[in-house]
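1. okay, sequence plus prediction incoming.
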Amino acid sequence: MQEGLTLVALGMGTVFIFLVVLIVCTTLMSKFVMSYEAKFKKPEQPIPVAGQSKIPDAVLTAVISAAIHQHRSAKAKKGK
Amino acid sequence: MQEGLTLVALGMGTVFIFLVVLIVCTTLMSKFVMSYEAKFKKPEQPIPVAGQSKIPDAVLTAVISAAIHQHRSAKAKKGK
Amino acid sequence: MQEGLTLVALGMGTVFIFLVVLIVCTTLMSKFVMSYEAKFKKPEQPIPVAGQSKIPDAVLTAVISAAIHQHRSAKAKKGK
Amino acid sequence: MENVLNLVYGSGIANISLGQALMLAVGLLLLFLAIKKGFEPLLLVPIGFGAILSNIPVAGLAESAVSQALHYGSDEVIAAINQALGGVSYYEASATAQMAAKEIAHHANYADGILYLFYSVGLTTGAFPLIIFMGVGAMTDFGPLLANPKTLLLGAAAQFGIFVTLIGAIALQFSGQEAAAIGIIGGADGPTAIYVATKLAPHLLGAIAVAAYSYMALVPMIQPPIMKLFTSKEEREIKMTQLRPVSQTEKILFPIVLLLLVALLLPDAAPLLGMFCFGNLMKESGVVDRLSDTTQNALINVVTIFLGLSVGSKLQASQFLQFDTLKILSLGIVAFGIGTACGVLMAKLMNKLSGTPINPLIGSAGVSAVPMAARVSNKVGLEANPQNFLLMHAMGPNVAGVIGSAVAAGVLLKYFGS
Amino acid sequence: MENVLNLVYGSGIANISLGQALMLAVGLLLLFLAIKKGFEPLLLVPIGFGAILSNIPVAGLAESAVSQALHYGSDEVIAAINQALGGVSYYEASATAQMAAKEIAHHANYADGILYLFYSVGLTTGAFPLIIFMGVGAMTDFGPLLANPKTLLLGAAAQFGIFVTLIGAIALQFSGQEAAAIGIIGGADGPTAIYVATKLAPHLLGAIAVAAYSYMALVPMIQPPIMKLFTSKEEREIKMTQLRPVSQTEKILFPIVLLLLVALLLPDAAPLLGMFCFGNLMKESGVVDRLSDTTQNALINVVTIFLGLSVGSKLQASQFLQFDTLKILSLGIVAFGIGTACGVLMAKLMNKLSGTPINPLIGSAGVSAVPMAARVSNKVGLEANPQNFLLMHAMGPNVAGVIGSAVAAGVLLKYFGS
Amino acid sequence: MENVLNLVYGSGIANISLGQALMLAVGLLLLFLAIKKGFEPLLLVPIGFGAILSNIPVAGLAESAVSQALHYGSDEVIAAINQALGGVSYYEASATAQMAAKEIAHHANYADGILYLFYSVGLTTGAFPLIIFMGVGAMTDFGPLLANPKTLLLGAAAQFGIFVTLIGAIALQFSGQEAAAIGIIGGADGPTAIYVATKLAPHLLGAIAVAAYSYMALVPMIQPPIMKLFTSKEEREIKMTQLRPVSQTEKILFPIVLLLLVALLLPDAAPLLGMFCFGNLMKESGVVDRLSDTTQNALINVVTIFLGLSVGSKLQASQFLQFDTLKILSLGIVAFGIGTACGVLMAKLMNKLSGTPINPLIGSAGVSAVPMAARVSNKVGLEANPQNFLLMHAMGPNVAGVIGSAVAAGVLLKYFGS
Ligand code: NA
Ligand code: NA
Ligand code: NA
């Protein structure tokens, strides 16, 4: 039991110390990055998380050309 | 040769017995499922085999908004 | 050093001989293929490198039916 | 005629033990829970199916060649193997004796079962859980955590359940190593639990993995009552301030900072957190998208299948149908409960001490169980105040919980590992 | 100068044997059949290419380190290895002697050839064919079978060719194990044939796999004459009643029912049918789509590549250019023919006895060769009656044939395996 | 208290050596170059991360179980292992002694580090670089080469750097095998360099791989000055005639012709070029698109990740922080420079002798470094004449360079391998 309590203290102590150190380092890192980016770049838009558009180019092209085609034929018909 | 014929009998016997038992079990299982579904649910449409639409949402959105756009501009032009 | 020079000669010699033989074989192979294809088939278009269209059929269908729909409704409106 | 009898005597019906029949039922139950109830199906379908496969009589899918030879071999084969092993069990025998025993088994036409093979290639080496952890890293967004790093404390507090359960397990007569492996169920993180169990108590792996994934699936039922017990309605209604935007540079640097801290402070957590950070860096760096995509899809899927089957191979009747399993299942849920409570209490404390308001409901997400626990925080929050969206705020402690339990795993591996 | 001579003496031209030259031609022929004639290219491209790689003189791509050292090593190395093995061949030597031989070969800078490596990792363990079978399961739709379960009998009847061929092979002086591995060609199922051959007669694997895939590719030429021989025009014109719709629940339960029957009745079929049912359950359960997708794509493709190369590694001249190979090829086509005929005859019988009409043409699909054989049934049916679409009706016996040959494989493994 | 001290004594800070700290910095530098400077990120992100993981003190991720036991074990464990090994180092000990040492280490709870595992499974066997080469083959288009086969000579000339560097390395006191592995850096082809280094000088693998990939990334800075030095403005302005169209049949036959030549002339290049041709045939045959797609995506990505980590495992401080590493880095860049110059000079010569004009700038692409070197040819060409697009013309020598360095690798493996 004695050993058990030691273990709880040791374990939770380590977990807390590690995460507190991580909080400190992370905070410092963020501060540094933010001040660096404020100084050297124009205030950056937070880049959206790797959110490349999921529409393949070929499809976009197809959609757009379909659209243009519609537009033209609609116009043409109207123009008649 | 004697052993060979034994083997044919043994092998085909096992295959047939196994598959006959499988027929029986499968038929029972299907009957049970059908009566259960008839009783507890409204007669279910046979779910199409995992046939999720292959059109990604983004594309659909693009197509639809292109369509709407067309529609509006066609309308607008007509309205003029 | 003596051995080193031997090695350079041996190595570069092998590389050159191998690639020269490859040039000869490739050229012969190409000639043979071209004359064969000229003789037995109508002059083949060089098949584009496995460039299947990247637009899934379902999308194409969607785009086309959107287009047709537009077209019809634009027409219908005009017709009114 | 003799052949027919052989077939009949070799059939499953003629050989099935009560334990195997029960375990077939357990496997079916896991499949039912996974498919009909939606309990963590990505793991419980393979684990459940693996459980059935491992308990097919005579087939020996989850047994080594030697084990099969000892169970089903002729008397001569069994005698020869026992002689080769020199009277002790296979795992106590020397490497040379093991090699001789394998040779006898192979000559008698026994081969390692396919699930045993997956287990020994992927689990005893630690490769499967570590690769899964890499994939999880590649799917994790540390944005919410970076916007509010003090939520890392919630991920620390929620690990309390691990250590309390460990003591409980020791009190219930488990050895230290076993108790540590059981405690980690409270970490609410599948690969971490599997990794630790494989290292410290492989004979309990089946029960521990089943407990971990079952309780993770049950988070929406386990957590809310505990969350409500320890919070008042006013606390649950607390609105939190909008999270600041986080730049890509911060996201790239975070896994590196975390990795360096692990390297300097707790090297025993390096395998788990190292692979995790690697996956995350691949994702955030933006320069290796094709590697990151494959890691998040084909690779993690393939490994998940084989990991699940391997874990299922540890659900053999002889190992699983023990009173110990019931104890493990009970201890596991206690660990979950304590972790949840400590997370909530820590959040209450932080709300008291901190300048900015903190809704205590996000504390429970510190157990990890990503992303289920964060969704539960959000749902309970919405019940108290339909305008209160806690999801993003709960994602911080949620991923902090993954780090927290990996750190706890490092401590346990250090202490009990060697 | 000496170096130049070394290069020349070490070149392929200086070392090629007639057998290797012939096997290079066989490899090219397989590639030609696969690429230009469309013979099962997914397997025959890797197998054909593997055949070429294995027969490159001196390179030893399909040989173990020890085998290479014995073929190309200096006299001292050869003497040392032979001494270590104690005068017997490598496979007869004890495990310790094998280890010593390996050590000598490695010290002399020989390493296992890459195809030998793929073979020993994936085929001797059984992993590759079983994973392929899991993938096939994930691509199989049991709907048509469930709509008309009595077509399972057609999948049973068509296995008759396996056992008749087995007797024929014994009559042609093959051993029982060899005969069983040859017979399974008639099962018309690639992974099953490879799995059984690896377990019972690995030295015949090359010929058996080539026969199995070649005849599967030739199904459209082999089957129609046999089908027409045993049926009248009226029988071929029989229209079958529309299949009933099958609910998702039935599809989910079927692999579980099948698995439990295997477990209870024929555990020896458990590896093959277990993995098959697992793949199918992943597909039908609908809750693990990401696992099922990866199984049907990345995983099965990767394993197919390495399986094909591994099989190709068994097409070395010394093993393949035997009179036995011709016997195997002949027996294989006999097996296919008998299986087809028995399927058709059983369908005729069922048509007589059953209340609902059964077109005997669907019987030939019972050999498996999915989905080619079902397409052949459809095509021959359309010739007789252009309005008669048999495809869906033939899919039932077609997948039944897969189950049937796996069951037959289980019987053979039970009988000859240990 | 003792436990706390154990944790502190076992922490990274308490154990880190200066070398490990430096290597952590090297790892971070590689990540910086890969992520911020875009240096071959697909390889340098995993290699850099692997370098960090391997140098985490105490964790032993890149060490075998025995090595860990010897470094961190108790005195008894160390004494027992040394006794088992009989006083010599692990690699000099007999197989039986190694087995005994492993057994002791495992009993003392040490296990192979995960990176060591990846290294021994994938690199010592040669599997990873060969699979990558298969993937590269599946991504290579030989069209431009087939349209102008004499550009193969440029791919031959550019290998001159390999052999000159080899002599230089011998002059700098490297052994023959080491010198060969260093020279191959000049081949400008990652998997070839890794394959050769693994076979001939595994202890230098880290430095060689880092040099190869770094210089490949630096091609746009290394090559242009050399290209301009050896060419006049008029030469750089030369316009080349449009390439003829190439039929699919030619593309299918080319890898087969190449393979047969390898088989007949230089079997030692068969593993590399065999797998390369296999990948290319899968792509061009058009009948196995699903295999080809997986090879180009999931498979090559997965193997790239593990290859990178495995290479990183060879960047341990004790192996990398040697004066040898500086020598290797210097020799590597010399090899690149000589290769570039020889390619350009050969192109000038061919321009003189040939009927059709050849722009000497495409000669530099003969080093390989696909497709970077071809792009550099194009760019430098555009500077001289904004209407002059050399890209397609440079792709021929570029892929020829891959063949050239694989052939050179074959010669070196033949000469130094056994
Ligand atoms: Na946790
Ligand atoms: Na079959
Ligand atoms: Na090159």
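-> Good, I have the coordinates. Ligands and ions are numbered 1, 2, ... in the order given.
2. lowest-pLDDT helix or strand in chain D?
-> Across the helices and strands of chain D, mean confidence by mean pLDDT, DSSP states H and E is lowest for helix D:2-9: a mean of 75.
3. what residues of that helix count as buried?
-> Using 16 or more other CB atoms under 10 Å in any protein chain shown as the test for burial, helix D:2-9 gives D:3, D:7. For every residue, glycine as well, the C-beta is placed using N, CA and C.
4. follow the chain on from that helix and name the next helix or strand.
-> helix D:12-15 (DSSP states H and E).
5. need the contact partners of that following helix.
-> Identification of contacts with helix D:12-15 by CB atoms under 8 Å, 6 or more residues apart in numbering or on different chains yields D:8-9, D:56-59, E:262-267.
6. could you do stretch A:17-33 as well?
-> So stretch A:17-33 is contacted by D:146, D:149-150, D:152-153, D:155-156, D:246-247, D:249-250, D:253-254, D:257-258, D:261, D:265-266, D:400, D:403-404, D:407 (CB under 8 Å, 6+ apart).
7. of the residues you listed, grab the buried ones for ChimeraX.
-> Here is the ChimeraX command that selects only those of the contacts of stretch A:17-33 that count as buried (16+ other CB under 10 Å):
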select /D:146,149,150,152,153,155,156,246,247,249,250,253,254,257,258,261,265,266,400,403,404,407
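8. which intervals of chain D have sub-threshold pLDDT?
-> D:1-2, D:418 (pLDDT under 70).
9. please identify which helix or strand holds the closest residue to ligand 3 within it.
-> The shortest separation between chain D and ligand 3 is 23.4 Å, found at residue D:290 (distances taken as CB to the ion). Here residue D:290 sits within helix D:289-294, counting by DSSP H and E.
10. does chain A sit close to that helix?
-> Yes. In terms of CB under 8 Å from any CB of the partner chain, part of helix D:289-294 sits within range of chain A, namely residue D:289.
11. so which elements touch that helix?
-> Contacts defined by 3 or more CB pairs under 8 Å, 6 or more residues apart in numbering or on different chains; DSSP states H and E place helix D:289-294 against helix D:270-285, helix F:41-54, helix F:300-312.
12. possible to save the ones you listed as JSON lines with distance to chain A?
-> Converted to JSON lines, those look like this (distance: least, CB to the nearest CB, whole Å):
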{"stretch": "helix D:270-285", "distance to chain A": "7"}
{"stretch": "helix F:41-54", "distance to chain A": "14"}
{"stretch": "helix F:300-312", "distance to chain A": "16"}
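13. give the buried residues for the longest helix seen in chain A.
-> If you go by DSSP state H, chain A has its longest helix at helix A:2-40. The neighbour-count check on helix A:2-40 (16+ other CB under 10 Å) flags A:4, A:7-8, A:10-12, A:14-16, A:18-19, A:22-23, A:25-26, A:29-30, A:33-34, A:37 as buried.
14. before we move on, back to that, run through who's touching the helix holding residue D:290.
-> A:50, D:138, D:279, D:282-283, F:42, F:45-46, F:297-298, F:301-302, F:304-305.
15. go again using 6 Å as the cut-off
-> D:138, D:282-283, F:298, F:301-302, F:305 (CB atoms under 6 Å, 6 or more residues apart in numbering or on different chains).
16. and for residue D:36, the neighbour number?
-> 13 (other CB atoms under 10 Å in any protein chain shown).
17. the least confident helix or strand of chain D packs against which elements?
-> Of the remaining helices and strands, none touches helix D:2-9 by 3 or more CB pairs under 6 Å, 6 or more residues apart in numbering or on different chains; DSSP states H and E.
18. could you redo the last one with a cut-off of 8 Å?
-> Counting contacts by 3+ CB pairs under 8 Å, 6+ apart, helix D:2-9 packs against helix B:2-40, helix E:391-417.
19. tilt between that helix and helix E:391-417?
-> When axes from the mean of the first three to the mean of the last three CA atoms, to 10 degrees is applied, the directions of helix D:2-9 and helix E:391-417 differ by 110 degrees.
20. now helix D:2-9 - C-alpha only, CSV.
-> Extracted as CSV, the C-alpha positions of helix D:2-9 are listed here (Å, rounded to 0.1, in the frame of the first residue of the first chain):
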residue,chain,number,x,y,z
GLU,D,2,-11.9,-45.0,-40.3
ASN,D,3,-11.5,-41.9,-42.4
VAL,D,4,-15.1,-40.9,-41.8
LEU,D,5,-14.6,-41.4,-38.1
ASN,D,6,-11.5,-39.3,-38.3
LEU,D,7,-13.5,-36.5,-39.9
VAL,D,8,-16.2,-36.8,-37.3
TYR,D,9,-13.7,-37.0,-34.4
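21. can you tell me what sits against that helix?
-> Here helix D:2-9 makes contact (CB under 8 Å, 6+ apart) with B:6-7, B:10, B:13-14, D:14-15, E:266, E:411, E:414-415.
22. ok, now how distant is residue D:98 from residue D:64?
-> Between residue D:98 and residue D:64 the distance is 10 Å, computed by CB to CB, to the nearest Å.
23. picking that back up, helices - which of the contacts of stretch A:17-33 land there?
-> Members of the contacts of stretch A:17-33 lying in helices (criterion: DSSP H): D:146, D:152-153, D:155-156, D:249-250, D:253-254, D:257-258, D:261, D:265, D:400, D:403-404, D:407.
24. dump stretch D:91-109 to PDB, restricted to CA.
-> The C-alpha coordinates for stretch D:91-109 follow below in PDB (Å, rounded to 0.1, in the frame of the first residue of the first chain):
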ATOM      1  CA  TYR D  91       8.300 -19.900 -22.400                       C
ATOM      2  CA  GLU D  92      10.700 -21.000 -19.700                       C
ATOM      3  CA  ALA D  93      12.800 -23.100 -22.000                       C
ATOM      4  CA  SER D  94      16.100 -21.900 -23.400                       C
ATOM      5  CA  ALA D  95      16.300 -20.500 -26.900                       C
ATOM      6  CA  THR D  96      18.000 -23.600 -28.200                       C
ATOM      7  CA  ALA D  97      15.300 -25.900 -26.600                       C
ATOM      8  CA  GLN D  98      12.600 -23.700 -28.200                       C
ATOM      9  CA  MET D  99      14.200 -24.000 -31.600                       C
ATOM     10  CA  ALA D 100      14.300 -27.800 -31.200                       C
ATOM     11  CA  ALA D 101      10.600 -27.900 -30.200                       C
ATOM     12  CA  LYS D 102       9.600 -25.800 -33.200                       C
ATOM     13  CA  GLU D 103      11.500 -28.100 -35.400                       C
ATOM     14  CA  ILE D 104       9.700 -31.200 -34.100                       C
ATOM     15  CA  ALA D 105       6.300 -29.400 -34.500                       C
ATOM     16  CA  HIS D 106       7.100 -28.400 -38.100                       C
ATOM     17  CA  HIS D 107       8.200 -31.900 -39.000                       C
ATOM     18  CA  ALA D 108       4.900 -33.200 -37.700                       C
ATOM     19  CA  ASN D 109       3.300 -30.800 -40.100                       C
END
